[in-house]
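Chemist: I would like to see how this sequence folds:
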Amino acid sequence: MSSRPLLVFDFDGVLVDGMAEYWWSSRRAALGLDPSLVLPEQAPVGFARLRPLIHKGWEMVLVAAELARPGADPAAIEADYAGALSAALARSGWQPSLLQAALEEVRRGAIASDRGRWLALHRAYPGVPERLLALSGEGADWAVLTTKGAAFARELLAALQLSPWRLYGHEQGSKAEVLLQLRGLGRPLWFIEDRRPTLETILSTPGLEQVRCFLAAWGYLGPGDRTALPPGIALLEPDRFAGPLAIWP
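Modeler: Okay, here's the model as predicted:
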């Protein structure tokens, strides 16, 4: 066993802001599945509004297609997100696996044809790469745990000249499953994520009660995500993140 903490970071919304790429890829994937859709080149306001609710890549494609439907109401989707996804799947006849495959095909094609352009659709949050590079000097290792495909996260990390101790994509299982595996190392686990429901799921998972959970304040947070956080979840502001681990909440 080691007393060295292992910091596990979500990727999108914590390390990298990829909003432009989310729409770019989701739009193309949706049009590939249904060329009759009319989708703008730039992300509509409704897409950014719904981003804090999106958990997996296939949902982005479905949301993009749903926003093209006449009379689509982002507020109604937001009010019952799970129900809206179920209704959209039933209406379209698509399966999550089909949507995920379409998204990943678009991304693979973009990397193969114009890697620089695809990379340019992302930006690291200010100060994040530098902070990650400094962690080794504080006796900590860091890993990435994302619902993005591992190959795509690896491309982006390489472009930022970042090398995590481990990288886990959606292929390795749910975030709870991966964290349970990492608990077997006997090391203190700190999990930094921008999706509050994910953190709440982690804390309610047997065996993960001792994981230190942080809500990244700079990520894709919904309007009420910062308030009345349950015990076990601390809001991590940029200034605390930039400081020594000893001052993290």
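Chemist: Which residues does the longest helix belonging to the chain contact?
Modeler: In terms of residue count, the longest helix belonging to the chain (DSSP state H) is helix 96-120. Residues from elsewhere that reach helix 96-120, judged by C-beta atoms under 8 Å, 6 or more residues apart in numbering: 21, 25-26, 28-30, 32-33, 56-62, 89, 149, 151-152, 155-156, 159. All C-beta spots, glycine's among them, are computed from the backbone N, C-alpha and C.
Chemist: redo that, cut-off 6 Å
Modeler: Ser25, Arg28, Ala29, Gly32, Leu33, Gly57, Trp58, Val61, Leu62, Gly149, Phe152, Ala159 (C-beta atoms under 6 Å, 6 or more residues apart in numbering).
Chemist: so the third one, which of the three states?
Modeler: In the three-state summary, Ala29 is assigned as helix, counting by DSSP: H, G, I helix; E, B strand; the rest coil.
Chemist: Which of the contacts of helix 96-120 has the largest number of neighbours?
Modeler: Val61 (29 neighbours; other C-beta atoms under 10 Å).
Chemist: Can you tell me how far that one is from Arg187?
Modeler: For Val61, the distance to Arg187 equals 36 Å [C-beta to C-beta, to the nearest Å].
Chemist: give me the element Glu21 is part of.
Modeler: helix 19-33 (DSSP states H and E).
Chemist: typed the wrong thing, it's Cys213
Modeler: Using DSSP H and E, Cys213 falls in strand 212-216.
Chemist: So which elements touch that strand?
Modeler: strand 189-193, strand 233-236 (3 or more C-beta pairs under 6 Å, 6 or more residues apart in numbering; DSSP states H and E).
Chemist: Which elements pack onto the first one?
Modeler: Spelled out, it's strand 189-193. Counting by 3+ C-beta pairs under 6 Å, 6+ apart, strand 189-193 packs on strand 6-9, strand 212-216.
Chemist: any idea of the mean pLDDT in the strand holding Cys213?
Modeler: The average pLDDT within strand 212-216 is 98.
Chemist: Partner strands of that strand and their direction?
Modeler: strand 189-193 (parallel), strand 233-236 (parallel) (DSSP bridges).
Chemist: Out of these, which one sits most buried?
Modeler: Mean neighbour count (mean count of other C-beta atoms under 10 Å) peaks for strand 189-193 among the strands paired with strand 212-216, with a mean of 22.
Chemist: What residues sit buried inside the helix or strand just after that one?
Modeler: Once the chain leaves strand 189-193, the next helix or strand it forms, by DSSP H and E, is helix 196-203. Using 16 or more other C-beta atoms under 10 Å as the test for burial, helix 196-203 gives Arg196, Thr198, Leu199, Thr201, Ile202, Leu203.
Chemist: Which of those sits closest to His170?
Modeler: Thr198 (12.9 Å; C-beta to C-beta).
Chemist: Quick check: closest non-adjacent residue to the closest one.
Modeler: Lys175 (6.1 Å; C-beta to C-beta, 6 or more residues apart in numbering).
Chemist: Count the residues that sit near the one you found.
Modeler: Lys175, neighbours per other C-beta under 10 Å, totals 25.
Chemist: what about it, distance to Ser92?
Modeler: Taken as C-beta to C-beta, the span from Lys175 to Ser92 is 27 Å.
Chemist: What of Ala20?
Modeler: Counting by C-beta to C-beta - Ala20 and Ser92 are separated by 25 Å.
Chemist: One more: Arg123?
Modeler: Counting by C-beta to C-beta - Arg123 and Ser92 are separated by 32 Å.
Chemist: And this structure, what are its domain boundaries?
Modeler: 6-17+123-247, 19-120 (automatic domain parsing).
Chemist: list the buried ones in the longest helix of the chain?
Modeler: Buried-residue list, helix 96-120, by 16+ other C-beta under 10 Å: Leu98, Leu99, Gln100, Ala102, Leu103, Glu104, Val106, Arg107, Ala110, Ile111, Trp118, Leu119.
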